[in-house]
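Asker: fold the following for me, if possible:
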Amino acid sequence: MAANSWKLDGTYFEACNCDVACPCAFTSAPTEGECKALVAWHIDKGHFQDVNLDGLNLAIAVYSPGHMLEVKWSIAVYVDERASDEQRSALFTIFSGQAGGHPAAIASFVGAILGVKSVAIDYRADGRTRSIRLGDIADMEIEALPGQGGADITVTNAPFCVAPGYPSVVAKSKQLNLKDGGLNWYITNKNGYYSPFSYSAA
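Answerer: Numbers count the residues shown, from 1 in each chain. Got it, this is the predicted structure:
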């Protein structure tokens with residue numbers, strides 16, 4: 001199998017300290033001058049070469065000290081503790097950008113990796129609510145905001161996003177709490193987005 005043969009399909013969600021809807025998606029400056037975001041992925045179906053990645057989770061905490069396109073970020077990576085050494089290595093290779101695709105575009109903004117940890121990740125998608133708990137490190141919950149007629153509010157073709165090709169559902173956080181690696185966040189009633197995602201090397 002080719003070295004760059006990999007594909008991931010699943011869902012993701014995020015919350016940050018920006019007001020709703022986060023202007024970073026539109027390549028504008030964050031509303032508080034800096035961005036504190038936790039992004040979580042659940043892989044419904046995936047592989048890296050011959051390594052099966054079905055059902056695994058991963059989360060990344062991102063701190064951007066200014067406009068996200070103009071400064072380097074510090075990140076902390078949290079890998080599902082159920083992953084084997086081989087699966088953990090595959091996930092880090094993909095999400096660190098070494099295997100190309102959209103993760104490589106995101107990784108190009110990273111200036112420092114604060115740490116990579118294996119943790120228990122409880123990722124839940126229930127109707128219009130998304131939540132995650134990362135052991136005793138973090139918990140995050142968002143809920144979609146109702147649009148006209150109660151339908152979801154979506155952002156399509158945002159120039160800067162986690163999941164290109166999919167409309168992002170606009171949500172508001174109930175909480176984003178994280179304490180790890182010098183990051184100490186207690187955020188409520190701020191921005192959230194969620195959608196499916198599909199990544200590959202191409």
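
Asker: how about the strands in this structure?
Answerer: 6-16, 35-48, 51-52, 57-64, 73-80, 110-119, 121-126, 129-134, 138-144, 154-155, 168-180, 183-187, 191-200 (DSSP state E).

Asker: quick one: buried residues of the last one?
Answerer: For strand 191-200, burial by neighbour count (16 or more other C-beta atoms under 10 Å) applies to 191, 192, 193, 194, 195, 197, 198, 199, 200. Yep, even glycine has a C-beta here, placed from its N, CA and C like the rest.

Asker: closest to residue 22 out of these?
Answerer: Nearest to residue 22, judged by C-beta to C-beta, of the buried residues of strand 191-200 is residue 191 at 4.0 Å.

Asker: list the beta-bridge partners for that closest one.
Answerer: Counting by DSSP bridges, residue 191 is bridged to residue 172.

Asker: that one against residue 169, yeah?
Answerer: No - between residue 191 and residue 169 there is no contact under C-beta atoms under 8 Å: 11.8 Å.

Asker: nearest to residue 25, of the strands of the chain?
Answerer: Closest among these, using C-beta to C-beta: strand 154-155, at 6.2 Å.

Asker: for beta bridges, what are the partners of residue 43?
Answerer: In beta-bridge terms (that is, DSSP bridges), residue 43 pairs with residue 10.

Asker: against residue 104, how distant is it?
Answerer: 18 Å (C-beta to C-beta, to the nearest Å).

Asker: which of those two has more neighbours?
Answerer: residue 43 (25 against 16; other C-beta atoms under 10 Å).

Asker: please report how far that one lies from residue 29.
Answerer: For residue 43, the distance to residue 29 - C-beta to C-beta - is 32 Å.

Asker: residue 159 too?
Answerer: 14 Å.

Asker: higher neighbour count, these two?
Answerer: Legend: neighbour count by other C-beta under 10 Å for residue 159 and residue 29, higher for residue 29 (16 against 9).

Asker: name all residues that make contact with the closest residue to that one other than its chain neighbours.
Answerer: Leaving aside its sequence neighbours, residue 29 sits nearest to residue 67 (C-beta to C-beta, 6 or more residues apart in numbering; 4.7 Å). Taking C-beta atoms under 8 Å, 6 or more residues apart in numbering, we find residue 67 in contact with 28, 29, 30.

Asker: alright, calling it a day.
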